[in-house]
Each structure stands twice: as structure tokens, then as C-alpha cells.
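Peer 1: return atomic coordinates for the entry below.
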Amino acid sequence: MFDNASQMVGVVQAQQGPMLILIRPSGLRWQTRAISVRPVNDRERIQLAALARHHQQARTLAKLRRRVTH
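Peer 2: You can find the predicted model right below:
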């Protein structure tokens, strides 16, 4: 979903009444009103997927570095 209030794309993690909790691949979570979100467009969907890949690669690299230094 695209949150107009924060101007960010995120995945709905939970709904609490009129409020949504959204999360980004980085782990960033925020709360927003359900009326301020809309479905993502193709560009935003690609952006979110690229961000998810980036964070997955960063986590993998961090694990490899920890193995090398220990």
C-alpha cells in the first residue's frame, strides 16, 4: 500500500480499527489511517520488491562477514 501521509510504500501488517500498521522490508513500522492509503502502482510495487532484495542481500552479507571475523 502507498501511505499518502508518509509518502512511503509498505505492506499492511495489522489493522486496529481505522488505523493500519505498515511495514517496510527494512523493518520500519508505522501507523497510519486506513483512509490515507491506496494500492501501489506498478512503479511502487517494483520499488518495494527492489528494496526487499536489497535488505535481504545486506542481511546475507552481514552474516557472511560475521563468519569471517569469528
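Peer 1: report the central residue of this protein.
Peer 2: Per C-alpha atoms, centre = their mean, the C-alpha nearest to the average position across the chain is that of residue 24, at 1.2 Å.
Peer 1: mind listing what that residue touches?
Peer 2: For residue 24, the contact set (C-beta atoms under 8 Å, 6 or more residues apart in numbering) comprises 8-11, 48, 51. C-beta: built from backbone N, CA, C; applies to glycine.
Peer 1: any idea how far the helix or strand hosting residue 54 is from the chain center?
Peer 2: Taking DSSP states H and E as the definition, one finds residue 54 inside helix 42-69. Centroid separation for helix 42-69 versus its chain: 12 Å, with C-alpha atoms, centre = their mean, to the nearest Å.
Peer 1: now stretch 19-34
Peer 2: Its chain's C-alpha centre and that of stretch 19-34 lie 8 Å apart, by C-alpha atoms, centre = their mean.
Peer 1: is it true that residue 22 touches residue 29?
Peer 2: Yes. Contact status for residue 22 versus residue 29: in contact at 7.0 Å, counting by C-beta atoms under 8 Å.
Peer 1: which residues do these two both contact?
Peer 2: In contact with both residue 22 and residue 29: residue 13, using C-beta under 8 Å, 6+ apart.
Peer 1: who's more crowded, these two?
Peer 2: residue 22 (21 against 12; other C-beta atoms under 10 Å).
Peer 1: helices or strands next to the least confident helix or strand in the chain by mean pLDDT in the packing?
Peer 2: Lowest on mean pLDDT, DSSP states H and E among the helices and strands of the chain sits helix 42-69, with a mean of 91. Where contact means 3 or more C-beta pairs under 8 Å, 6 or more residues apart in numbering; DSSP states H and E, helix 42-69 is packed against strand 8-9.
Peer 1: one more time with 6 Å, if that's ok
Peer 2: If contacts are counted by 3 or more C-beta pairs under 6 Å, 6 or more residues apart in numbering; DSSP states H and E, helix 42-69 sits against no helix or strand.
Peer 1: please identify the buried residues of it?
Peer 2: residue 48 (16 or more other C-beta atoms under 10 Å).
Peer 1: returning to that earlier point: for the residue nearest to the centre of the chain, phi and psi?
Peer 2: Dihedral pair for residue 24: phi -110, psi 160, per degrees, to the nearest 10.
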